[in-house]
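Participant: A predicted structure for the sequence below; I have some questions about it.
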Amino acid sequence: MAKHTFRGGVHPKEWKELSRDVPLCEVNPKGEMVFLLAQHIGKPAKAIVKKNDTVLVGQIIAQADGFVSANIACSCSGTVKAIEKRRTVSGAMSECIVVENDGEYRKTEGFGEREELSKISGEEILKRIQEAGIVGLGGAGFPTHVKLAPKDPSAIRYLIANGAECEPYLTCNDQLMRRKAQEIIEGIEVMLRLFPGAEGVVAIEKNKPEAIAAMEQAASGNDRIRVLGLPAKYPQGGERSLIQVIAGVDYPVTMLPADIGCIVENVGTIYAIQRAVLYREPLYSHVMTVTGDAVKNPGNFIVRDGTSFASLLEMAGGLREGVKLKKALAGGPMMGVALSTLQVPVQKNNNALTILSFDENEKAQQQMTACLRCGRCTTVCPMGLMPQMMAAAAQSKDWERYEKKLYGLECISCGSCTFICPAKRPLTQVFKQAKAEIMALKRAKAGGAK
Amino acid sequence: MNTVLNISPGPHTRDRWTTPFIMRMVILALLPAAVMGVAVNGVNALLIILSSVITAVVTEYLFDRICHKPNTVLDGSAVITGLMLALMLPPSSPLYVPVLGSLFAILVAKCCFGGLGKNFINPALAGRCFLLISFSNTVTTFAVDGVSAATPLSELKAGRAVNITQMFLGTSNGVIGSSILALLIGGLALWAFGIIHGEICFSILISFTVFLALFGGQGPDPKFLLAHLCGGGVVMGAFFMATDYTTSPVSRMGQVVYGVLIGVLGAMFRVFGGAADSFSYSIIIANLVVPLIDLFLVPKPYAYRSAAIAARSGNERKTLRERIPVPVLVLAVITLASGVALSGVYTMTKDEIEEQKLAASAASYLEVCPGAQTFEKDEKMDQVIADQNGEVYGSGFGRVHINSAVIGKDSSGNTVGYVISVTSSDGYDGDITLSLGLSPEGAVNGISFTQLNETPGMGMRCAEPEFKDQFAGRTVPAFLLNKEGSASSEDEIDSVSGASTTSGAVVNAVNAGLDFFRTNMKGGE
C-alpha cells in the first residue's frame, strides 16, 4: 500500500550543508534560565516551586494541569528567582518560572540508572512518559502520553518514527539519528510494547544517507522495525504527508492519525521516550540546530530548556563579522516563527534557531503582484486544496464556501502555496487568519445558542 | 542585540519564480514564431509587431498613471498581449490595425476590468475579435506580393488540397505567427517548464482532432486532420491563448473540461460554420464559462476523495462509477449528442442545398446555352476533370478549377452547345464560379455567375450586362483584360473600373474554360 511519495509539495533550497556534518555538542549556559509554563498544546502547567526554592537538574518544577498538559522539569541547579510574565517565542508575555543558574548542574537522586525494558509494564511506560513531561518535539508540542493512549491500542498498524526533517536548514534530527541510532531504535521498541499489532517505520528523507545507514544498522536486529527512505520534498515530515505515504491514505482534520491506525512521533521525541522510560530521566534538554548565513559556526547543540536564544547564538560563535542580523527564526524558514528579540527562552518544541542576514518576506512584499490564477498553489498543496480559491473566498469573507466547498479548515499551514506563489501573495497567512475567524464565529454561535 | 528584529508570519522563504519571470518566459516562447513571421513576411511584419507591442505598453502605462494605480507595465503582461495580437494579424495589415487592436485589448478588455489577473476574456483575443468585426476585410485578407490570396484554411474549407509542409513551416498564406513549427517549439517549451498547463493544451488538441475525425466528414484521414490542426490558429490558441492563466480554470478537472469545450467548439465551427477565425471565438466562449467552472468544479481534498474514504473504512474496491469521473462522462455524452445532432441537420439539409445549387446551375446553363433541352455529361470529359484531382487548372489562369463540363442537346438529340463551369479563387472576397456557354463552333454564347461575393458597387458589377455581355458572340483563343476601359480589338475586354482584381479573375476563368474546350472537347467530338 505504500506509495513513493505524497502528492504536491515544494523544493525549497535546503541549506543543510551549513550544519549537517557538525557533531552534537553539549553546552551549559550561565545566568538565568526561564521556564515557560505553557510549552505544549493543552492547559499550562502549574508551578509547584516558590521563589527562593532550591532546584536541581531533572526536578519537576511545574506539574501538568489535567490530562492534556505536561510536567516541566528544571534543566539546571540553582534558586528560583521569580515566577513572572516574560516575553516568549510567540512574542506574547507569558507566565514563566525564572531560575538563577548556579552553573553546577547538580542532579536529582536516582537519575540516569538504566532499567531493562522487559521489566517495565505498558502502564508503567505511559506513566514514566507522562512524568517526564514529554511533548512532541517536532513542533506542535502535543503531550506524548496522550498521543500514545489511543482508544484501541491494538488497532495501531504503523508506528512512524519521523526523521524526515524536510524543513530547510534543519539538521538536528539528522545528527541525532547519526549519533543516537541505537537509542532511537530502543525508543521505538519501548513504544512497540504498547502497540502489539504495529510495525515500526523509520521515515527519513533520502538526502540523509548517513542517517539512513545508521538507523538501518541499528534496526537490523529487530524485524518489527524497518527504515524507509523517502524523496526529499517539503512537507514530507508533515504528519499527514507521512501517513499518506506509509498508510496510503489521507484523513480529514476531524480525525486523529490513531483513527486510521497510525502514530507518528518525531525521532527527537522517541529519544526522549527512551531516556524517560529506561533511565527515568525527565525531558529537560533536546537537540537544536543553530544555523543561517549570519552565524559564525553553525551546528547542532544539546540545548537545555530555558536557555535564551541569545546564548544559543553565542554558543555558535555569534554573528559572522561584517554581517548584519536581519531576521531570527525559531525553527526553519518554512514553519518557523520570526523572533522580535533573541531574549526569549527555548521551549521543548523549538528545534532550531535560524539567523539570517536577509529577509525574503520583505522582498516578497515588494515583488507582490495581483494573483495570476496560475494554479501553482493548487499543484503544490499537499492536502489537495485550492489555495487560490480559498484566498478569493477569504477575501470576500465567504466562509460558507471557504469551509464547506473548499474544505479550507483542512489547511495544515505548511506554507507551500505561499512559497511557490510567483505573485508573492501571502496565502498561508490569510488561511491562518481565516481559520481563526471561522473558529471565533463558531464559538460565538455556540455561545449564542446557549 | 536589543534592537527589534523584523517579524512577519511564515513562511520566510520564497521560490525564485516571480510574475515578471513567467511573463518573460512566455515572451521568449513567442519569439520563434515572431522571428519566423518576420523572416517570411518581411519588414512590414516587424513594424506590425513593434507598433502592437508599443501601443499595448504605452496604453497600460498611461492608464495606470491616469488612474493613479501602481505601474504594472514592468510585469511584462502588456508586452505579451501586444505580441500575441500582432502574431494573429496578416502581414499586409496597415499599421493602424495593430495600434487600434492593442488599444482595445489593453484598455477595454484588460485595464477596465481591473488589470492583470482580473480580465474575463483574453485581451489579445478580444483585440483580435474587435478587429475582425471592425476591419473584417483587412484582417482576413492575405496578400502575397500585392495579390490577394486564399489561406490554406479557406482552401481546405473548399475541399481542395493544401500543402501541409508549408503550413507547418509557416511559409504559406496566413497571419504573421502562422509557423506551426515555431509555435510548437515555444509552446512545448512552456509546457516542459511547467508554465502552461498540459491539461489545457492537450485536451484541446485531442478533443479537436477526435471531433474532426468523427464528424469532419473525411474520417480519421491523417492528412485532413493535420491540415486542420496546422491551420487557423489551433496551435497558437491551444498553447498560448487558451492557457492564459487569468481566463482559464484553476483546478485540473476544470482545465480539462475547459480544454475539451474549446476543442469541440472549435472543431464544430470548422465543420459546420463559416468563419475561418472560429477558433478565436471558441476560446472566447470558453473564457466566459470559466467563472462557472471555477465555482462548481472544485476538487475535493485528498482526505475526502472516495478512494481515501473507502480505504479508511477498509473497503478499497472502487465501483465503476468511481473509477470513471462523472464530468468526463457527461461531457462526452453532450459532445456526442451535439455532434450527432449537427451532422444530422447538415446531412438532411445537404441534399436540399445540393438541389438548390443544381437548380441554380441549370438555370445558368440555360442562360448561356439557349435552345438546349437536356444537358448530358460526357464520360471522357468527366475523367479529364477528375484527373485534375483538385489541382489548379493549367497555367497562366491563376488559381482556377474546372468544376464540370456538359453538352447541351435539343429535343431531337442534336448538340446545340457546351457549358463549362469554372471557379476562380482569385476574387477579392472568396471564390467566383461562372458558367461559360459555347456554341458547337467554339464561339462564346455568354457567361453567367453562379457564385460571386465581391464588393457591392465594385467587383459585383461584373455580373452586370455592361461587363459580362462583352464576351458574347466572340470567337477568340483567349481574352485580354484592358484596365484602361479602352478595348478596341476582338479579344479585349474592358475591366470594371476599380475592380480589376475581380475582372481579371473572371477573364482568367473564361480563358481557362476556353482552353479546356479546345484541348478536351472540340477535338473529341
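Facilitator: Cool, the structure landed.
Participant: use CA for all of it now, contacts and neighbours both
Facilitator: OK.
Participant: Up against chain A, what does the stretch 101-250 of chain B have?
Facilitator: When proximity is defined as Cα under 8 Å from any Cα of the partner chain, the stretch 101-250 of chain B approaches chain A at B:116-117, B:245-246, B:250.
Participant: which of those residues lies closest to B:A34?
Facilitator: For these, the minimum distance to B:A34 (Cα to Cα) is 21.6 Å, reached by B:Y245.
Participant: quick revisit: can you flag which of the residues of the stretch 101-250 of chain B next to chain A belong to strands?
Facilitator: Among those, none falls in strands (DSSP state E).
Participant: Now rank those by neighbours and give me the top one.
Facilitator: B:V250 (28 neighbours; other Cα atoms under 10 Å in any protein chain shown).
Participant: who touches the nearest residue to it once chain neighbours are set aside in this structure?
Facilitator: In this structure, B:V250 finds its nearest non-sequential neighbour in A:G375, 5.2 Å apart by Cα to Cα, 6 or more residues apart in numbering or on different chains. Residues counted as contacts of A:G375 (Cα atoms under 8 Å, 6 or more residues apart in numbering or on different chains) are A:388, B:245, B:250-251.
Participant: Next, give phi and psi for A:F35.
Facilitator: phi -110, psi 110 (degrees, to the nearest 10).
Participant: Any figure for the gap between it and chain B?
Facilitator: Separation of A:F35 from chain B (Cα to the nearest Cα, to the nearest Å): 21 Å.
Participant: how does chain A divide up, domain by domain?
Facilitator: A:1-18+A:108-358, A:366-449 (automatic domain parsing).
Participant: got TSV for those, with mean pLDDT too?
Facilitator: Shown next, in TSV, are the domains of chain A (pLDDT from 0 to 100):
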stretch	mean pLDDT
domain A:1-18+A:108-358	92
domain A:366-449	92
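Participant: any idea which of these is most buried?
Facilitator: Mean neighbour count (mean count of other Cα atoms under 10 Å in any protein chain shown) peaks for domain A:1-18+A:108-358 among those, with a mean of 21.
Participant: quick one: is it near chain B?
Facilitator: Yes: Domain A:1-18+A:108-358 lies within reach of chain B by Cα under 8 Å from any Cα, at A:12, A:249-252, A:260, A:326-328, A:333-343.
Participant: how far is that domain from where the chain is centred?
Facilitator: Distance of domain A:1-18+A:108-358 from its chain centroid, counting by Cα atoms, centre = their mean, to the nearest Å, is 7 Å.
Participant: same deal with stretch A:355-369?
Facilitator: Offset of stretch A:355-369 from its chain centre (Cα atoms, centre = their mean): 25 Å.
Participant: tell me the secondary structure for A:V245?
Facilitator: Classification of A:V245 by DSSP: H, G, I helix; E, B strand; the rest coil places it in helix.
Participant: Low-confidence regions, the stretch 401-525 of chain B specifically.
Facilitator: Counting by pLDDT under 70, the stretch 401-525 of chain B contains low-confidence ranges at B:522-525.
Participant: For stretch B:244-256, list every residue counted as buried.
Facilitator: Within stretch B:244-256, the residues that qualify as buried by neighbour count (16 or more other Cα atoms under 10 Å in any protein chain shown) are B:244-256.
Participant: rewinding a little: could I get the phi/psi values of the residue nearest to B:V250?
Facilitator: Torsion angles, degrees, to the nearest 10, at A:G375: phi 80, psi 10.
Participant: ditto for B:Q218
Facilitator: Taking degrees, to the nearest 10, you get phi -120, psi 10 for the backbone angles of B:Q218.
Participant: still on that earlier bit, quick one: which of the buried residues of stretch B:244-256 sit in helices?
Facilitator: B:252-256 (DSSP state H).
Participant: And A:I97, how far from A:Q59?
Facilitator: Separation of A:I97 from A:Q59 (Cα to Cα, to the nearest Å) stands at 13 Å.
Participant: er, B:I176 I mean
Facilitator: Per Cα to Cα, B:I176 is found 81 Å from A:Q59.
Participant: Surely B:G170 touches B:I180?
Facilitator: Yes: in this structure B:G170 lies within contact range of B:I180 using Cα atoms under 8 Å: 6.3 Å.
Participant: Just give me the neighbour total for A:G103.
Facilitator: As a burial measure, A:G103 scores 14 neighbours (other Cα under 10 Å).
Participant: What does the pLDDT read for it?
Facilitator: A:G103 carries a pLDDT value of 88.
Participant: host element of it?
Facilitator: Assigned by DSSP states H and E, A:G103 falls within no helix or strand.
Participant: who's in contact with it?
Facilitator: A:28-31, A:76-78.
Participant: ok, and the most crowded of the residues you listed?
Facilitator: Greatest neighbour count in those, by other Cα under 10 Å, goes to A:C76: 30 neighbours.
Participant: residues in contact with that one?
Facilitator: With Cα under 8 Å, 6+ apart, A:C76 has these contacts: A:33, A:55-58, A:101-106, A:304.
Participant: before we move on, what about B:L288?
Facilitator: B:120-121.
Participant: would you list every one of the helices in chain A?
Facilitator: Counting by DSSP H, the helices of chain A are A:122-131, A:144-147, A:172-179, A:181-192, A:209-219, A:239-246, A:267-279, A:309-315, A:360-367, A:376-380, A:387-395, A:399-400, A:416-420, A:427-449.
Participant: Export the ones you listed to TSV and append columns for distance to B:H401.
Facilitator: What follows is the helices of chain A, written out as TSV (distance: least, Cα to Cα, whole Å):
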stretch	distance to B:H401
helix A:122-131	94
helix A:144-147	85
helix A:172-179	79
helix A:181-192	86
helix A:209-219	74
helix A:239-246	67
helix A:267-279	82
helix A:309-315	88
helix A:360-367	61
helix A:376-380	54
helix A:387-395	57
helix A:399-400	66
helix A:416-420	59
helix A:427-449	64
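Participant: what's the closest of these to B:L226?
Facilitator: Closest to B:L226 of those is helix A:376-380 (Cα to Cα; 32.5 Å).
Participant: Who are the packing partners of that closest one?
Facilitator: In terms of contacts (3 or more Cα pairs under 8 Å, 6 or more residues apart in numbering or on different chains; DSSP states H and E), helix A:376-380 is packed against helix A:387-395, helix A:416-420.
Participant: Can you name the residues in contact with that helix?
Facilitator: With Cα under 8 Å, 6+ apart, helix A:376-380 has contacts from A:7-10, A:384-388, A:416-418, A:420-421, B:250-251.
Participant: again, 10 Å this time
Facilitator: A:7-11, A:234, A:384-389, A:415-422, A:427, B:194-195, B:197, B:250-252 (Cα atoms under 10 Å, 6 or more residues apart in numbering or on different chains).
Participant: which stretches of chain B aren't confidently modelled?
Facilitator: Using pLDDT under 70, chain B drops low at B:1-3, B:141-152, B:154-161, B:274-276, B:314-325, B:346-347, B:350-360, B:522-525.
Participant: Can you pull the domain assignment for it?
Facilitator: According to automatic domain parsing, the ranges for chain B are B:19-308, B:370-522.
Participant: So which of these is nearest B:A341?
Facilitator: That would be domain B:19-308 among those, by Cα to Cα, at 10.6 Å.
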